[in-house]
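Enquirer: No letters, just coordinates:
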């Protein structure tokens, strides 16, 4: 007995030493080295790579292409698939489940489709998902991710399968055998083979011991990967954070064969980091250069400024491995990080898209919160216009909100001649309990209205039935405007404080984030366009989606590198119908003569410089001056790059706009 105890003690010491050494490797890992030319070209990225609500991400690499999807809940059409070549720029290429799918029996907030696991095996693309309102696990197949996708089929199970769950993924072993990684309820975690017909087969691998004592909260969103002969099992605690790792040399139900490696994400104590609840990671992917990456979700919620209402945003994170085989991710930073060594192919940053409704089908970026709205629109009844056709209830069309600063613009043709009729711009939470409307309407006469809860402003509509509307967001402050021509704008009342919409919502905002778009109620309305980030409105640089070599704050950006820096504002609309940009104006400050260059789409390669502007000294960085210059003809929606060439702490910019 003494000898056995000695052996057990020695094993315990070895295990402790292993974990201590692994932890030291993580804690002592050197800071990431950024490329020397990062100040003059785009070598870095800033999270989130998918702003706005993109919950429960799953990631698939096939050749040089990446595909991802996740939970879409009650949004219809359901289950969007996104595609990328560089893990940074994404576009929606398909929506697997149509809005009229009969097995989706409930449109209640938070119902609908949970999970969404895209995979490829046996020569076909498969996507598995849980039908939260109709019950059960379903799958669809396609020859290519863009579709067409087959009608969803309910997964058949075996006698021993048991409950099949709602939060599953698919793991492909080295020999090509697919397994469903099953998660059902708080204490059920299982594995089972998938047959060639897409249904479950073979013996169940019962791993309910993982969370029998609720050690890992819910142990949800499990994914697996195999590396160097080890099976790695990753699981999230719950939506509020925590991501844990187990590993084994064999796929087995025997708990003694699985080793607990602790958490994968290292966390900082910085209360002002935007992303402090990272989890629900995808399975890792390995690039040709040997680096490893994953995508994970987090709410945007620094202690001083809660943006949880926008939903779970997606971060790209590089995975490193200790010598002993423990994967780890340095604290998920909201600062510039070295980007993957992958080619960029001209996609914009994934943000809401402007739309002129010139196509005869709806852009895949749009969604609806219920089947009714999804059946009451047309882009062909009046070519070049979107028509919303409410019968009794309000009809809307939406995209996922992205970012803290933007200006939405639309032109609406709407003859509001009866009480309660409204049409215009709409921001709303997932269950529509918190909403903002800027609209033309009728309230004992034609009115322009701007409303959020008890914050309500109206003014008499003297422009007639065709009106331009603009809603500007600068942080939690929203301001509404109307116009007869899209050039000269009139403010509607005072600004609205949207903090209650933006902060954490009950029931996690019905599991989804804020959406932005258009609505009509009481009567048919036509919309000529929808602009997400109007470049003819002031664009504060604090709303950057990517940057390097600058310090960002609410007051602007200051060069913070001896090699200069740059800022990227994603999805800026520069050409607005017949309105084309001719000039650019910016507010800047400089201690010495400096230069600001304005580029679109990139700082090199496929990018194009619009203007190089000399910034004359203003005295110090607290003294702002306006600078302007003519630019060549340009139109459309672009990622806008602001390159700052000046001494460290010697050049600053606050905002810019086109005119």
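Expert: Thanks, I have the structure now. It should be emphasised that the depicted structure is a prediction, and the values quoted were computed from it without experimental measurement. Residues are numbered from 1 along each chain as shown.
Enquirer: And the pLDDT at residue 10?
Expert: Looking at residue 10, its pLDDT reads 43.
Enquirer: Equivalent analysis for the one 10 residues further on, please.
Expert: Among the per-residue scores, residue 20 holds a pLDDT of 42.
Enquirer: Residue ranges of each domain in the chain, please.
Expert: 57-338, 371-534, 542-658 (automatic domain parsing).
Enquirer: Dump these to JSON lines, plus mean pLDDT and distance to residue 345.
Expert: For the C-beta atoms, the positions are set from N, CA and C on the backbone; glycine is no exception. Converted to JSON lines, these look like this (pLDDT from 0 to 100; distance: least, Cβ to Cβ, whole Å):
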{"stretch": "domain 57-338", "mean pLDDT": "95", "distance to residue 345": "5"}
{"stretch": "domain 371-534", "mean pLDDT": "96", "distance to residue 345": "21"}
{"stretch": "domain 542-658", "mean pLDDT": "94", "distance to residue 345": "9"}
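Enquirer: To residue 49, which of those lies closest?
Expert: Each of those was scored for nearness to residue 49 using Cβ to Cβ, and the closest is domain 57-338 (4.7 Å).
Enquirer: The closest one: how far from the chain's middle?
Expert: The gap between where domain 57-338 is centred and where its chain is centred comes out at 16 Å by Cα atoms, centre = their mean, to the nearest Å.
Enquirer: Next: stretch 588-602.
Expert: The answer for stretch 588-602 is 29 Å, by Cα atoms, centre = their mean.
Enquirer: Identify each buried residue in that stretch, please.
Expert: Buried residues in stretch 588-602, counted by 16 or more other Cβ atoms under 10 Å: 588-591, 594, 596-602.
Enquirer: what's the most distant pair in those?
Expert: 591 and 601 (30.7 Å).
Enquirer: so what strands line up beside whichever strand or helix holds residue 569?
Expert: Element membership of residue 569 [criterion: DSSP states H and E] is strand 565-573. Here strand 565-573 is paired, per DSSP bridges, with strand 533-534 (parallel), strand 546-548 (antiparallel), strand 637-645 (antiparallel).
Enquirer: following the shortest one, which helix or strand shows up next?
Expert: Past strand 533-534, heading to the C-terminal end, the next element that is a helix or strand (DSSP H and E) is strand 539-540.
Enquirer: The last one now?
Expert: Using DSSP H and E, the helix or strand that directly follows strand 637-645 along the chain is strand 651-658.
Enquirer: closest one to residue 346 among the domains of the chain?
Expert: The closest of these to residue 346 is domain 542-658. By Cβ to Cβ, the value is 5.8 Å.
Enquirer: so the strand holding residue 569 versus strand 651-658, what angle?
Expert: Strand 565-573 and strand 651-658 are oriented at 10 degrees to each other (axes from the mean of the first three to the mean of the last three Cα atoms, to 10 degrees).
Enquirer: from the chain's centre, how far out does strand 565-573 sit?
Expert: Worked out by Cα atoms, centre = their mean, strand 565-573 lies 17 Å from the chain centre.
Enquirer: so residue 573 bridges to which residues?
Expert: The partner residues for residue 573, given DSSP bridges, come to residue 534, residue 637.
Enquirer: Can you spell out which helices and strands pack onto whichever strand or helix holds residue 552?
Expert: Following DSSP H and E, one finds residue 552 within strand 550-553. In terms of contacts (3 or more Cβ pairs under 8 Å, 6 or more residues apart in numbering; DSSP states H and E), strand 550-553 is packed against strand 556-559, strand 565-573.
Enquirer: what's next to that strand, contact-wise?
Expert: Outside strand 550-553, the residues that touch it by Cβ atoms under 8 Å, 6 or more residues apart in numbering are 541-542, 544, 557-561, 565-567, 644.
Enquirer: quick one: strands adjacent to that strand?
Expert: Checking strand 550-553 against DSSP bridges gives partners strand 556-559 (antiparallel).
Enquirer: any residues touching the strand it pairs with, and which ones?
Expert: Contacts of strand 556-559 (Cβ under 8 Å, 6+ apart): 540-542, 544, 547, 549-551, 565, 567, 587, 621, 644, 646-655.
Enquirer: List only buried entries from those.
Expert: Using 16+ other Cβ under 10 Å, the buried ones in these are 540-542, 544, 547, 549-550, 565, 567, 587, 621, 644, 646, 650-655.
Enquirer: Need the phi and psi values for residue 495.
Expert: In terms of degrees, to the nearest 10, the main-chain angles of residue 495 are phi -80, psi 160.
Enquirer: if we can go back for a sec, take the buried residues of stretch 588-602 and keep only those in helices.
Expert: Among those, DSSP state H puts none in helices.
Enquirer: For residue 403, give me phi and psi.
Expert: Torsion angles at residue 403 (phi, psi; degrees, to the nearest 10) stand at phi 100, psi 170.
Enquirer: Enumerate the positions of the helix or strand that contains residue 469 that are buried.
Expert: Taking DSSP H and E as the definition, residue 469 sits inside strand 466-474. Buried residues in strand 466-474, counted by 16+ other Cβ under 10 Å: 467-474.
Enquirer: swap in stretch 147-163?
Expert: Neighbour-count burial for stretch 147-163 flags 149-150, 152, 155, 157, 161-162 (criterion: 16+ other Cβ under 10 Å).
Enquirer: where along the protein do the helices fall?
Expert: 2-27, 371-374, 499-502, 507-510.
Enquirer: residues in contact with the residue nearest to residue 385 when sequence neighbours are not counted?
Expert: By the measure of Cβ to Cβ, 6 or more residues apart in numbering, the closest residue to residue 385 outside its immediate chain neighbours is residue 526, 4.5 Å from it. By Cβ under 8 Å, 6+ apart, residue 526 lies in contact with 382, 385-388, 412-414.
Enquirer: Report how many residues lie close to residue 389.
Expert: 16 (other Cβ atoms under 10 Å).
Enquirer: ok, it - contacts?
Expert: By Cβ under 8 Å, 6+ apart, the neighbours of residue 389 are 376-378, 395, 520, 524.
Enquirer: which two from those residues end up farthest apart in space?
Expert: 378 and 520 (12.1 Å).
Enquirer: Mind checking which of these two has more residues around it?
Expert: Taking neighbours as other Cβ under 10 Å, residue 378 and residue 520 compare with residue 520 leading, 31 against 16.
Enquirer: Would you check how far apart that one and residue 420 are?
Expert: 12 Å (Cβ to Cβ, to the nearest Å).
Enquirer: Now for the nearest residue to residue 345 once chain neighbours are set aside, how many residues are close by?
Expert: Using Cβ to Cβ, 6+ apart and skipping the chain neighbours, the partner closest in space to residue 345 is residue 85 (4.6 Å). Residues lying near residue 85 (other Cβ under 10 Å) number 16.
Enquirer: same question, the one 3 residues further on
Expert: A total of 21 residues lie near residue 88 under the criterion other Cβ under 10 Å.
Enquirer: which ones are touching it?
Expert: With Cβ under 8 Å, 6+ apart, residue 88 has these contacts: 45, 49, 316, 339-340, 344, 349.
Enquirer: which among the buried residues of stretch 147-163 gets closest to residue 571?
Expert: Nearest member of those to residue 571, counting by Cβ to Cβ, is residue 149, at 27.6 Å.
Enquirer: how close does that closest one get to residue 234?
Expert: 27 Å.
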